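1. Give me a model of this one.
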Amino acid sequence: SKQWYQRRVQEFQTFQHYFKQINLRMSEEDPPAEKPVDLYRDTPIRYLGYANEVGEAFRNLVHRNVVRFSYLISGSYVVADATSKSSSSTTPIRTFADVLIWQGLASVAIPGFTINRLCWAVGKMVGPARTAVVTGTGLLAIPFIIKPIDTAVDHGMERVVRPYILDNVNC
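-> Prediction:
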């Protein structure tokens, strides 16, 4: 029992020694540099990119021009983000195209289509009580579709668009 206790104490002291070394190494390193705030991705302006999803959710309650206007807002956000990123890049045309394609797919085209089809399907299932249920379902789905769509677009950009299309743009 005494030997067991002495081994545990020795193990604990060994772990303490390693943790102290790790802590000393970490304190010697420079602290990580703070990333500058990205106006279009780190501020509430980011929500303008989701305007078309809200428009799609309300499609059965509002005039179609309201839905079109929501796409105009989202599209303007995408172009503004692409312009902002490309203005500070060494390859502005490639950066503009990369951001425009990514944002166009991840913020406008795929989420808009997804919410549109989801609301259509729910409307077919619910029947007469459809307006509030369809709109509520569309609005509730928005937070759940964002991350999977972003991940899929990242994957597609890395596997297809960047290596086969954008790597050939030298501007």
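
2. which ones are touching the residue minimising distance to the centre of the chain?
-> Closest residue to the average C-alpha location of the chain: D150 at 4.9 Å, with CA atoms, centre = their mean. Contacts of D150 were listed using CB atoms under 8 Å, 6 or more residues apart in numbering, and they are A106. The C-beta positions use only the backbone N, C-alpha and C, and glycine is treated the same way.

3. what about this protein, any weak spots by pLDDT?
-> 1, 12, 15-33, 128-129, 169-171 (pLDDT under 70).

4. If we use 80, what do you get?
-> Within the chain, the segments meeting pLDDT under 80 span 1-35, 127-130, 166-171.

5. Tell me which residue lies farthest from the centre of this structure.
-> K2 (56.7 Å).

6. where's it relative to N60, distance?
-> Distance, K2 to N60, by CB to CB, to the nearest Å: 77 Å.

7. I'd like to know which elements the helix or strand harbouring A97 is packed against.
-> Element membership for A97 (DSSP states H and E) is helix 92-103. Helix 92-103 is packed against helix 64-87, with contacts defined by 3 or more CB pairs under 8 Å, 6 or more residues apart in numbering; DSSP states H and E.

8. picking that back up, element containing the residue nearest to the centre of the chain, please.
-> helix 130-156.

9. In that helix, which of the residues would be classed as buried?
-> 130, 133-135, 137-139, 141-142, 146, 149-150, 153, 156 (16 or more other CB atoms under 10 Å).

10. Then stretch 3-10?
-> So for stretch 3-10, nothing qualifies as buried (16+ other CB under 10 Å).
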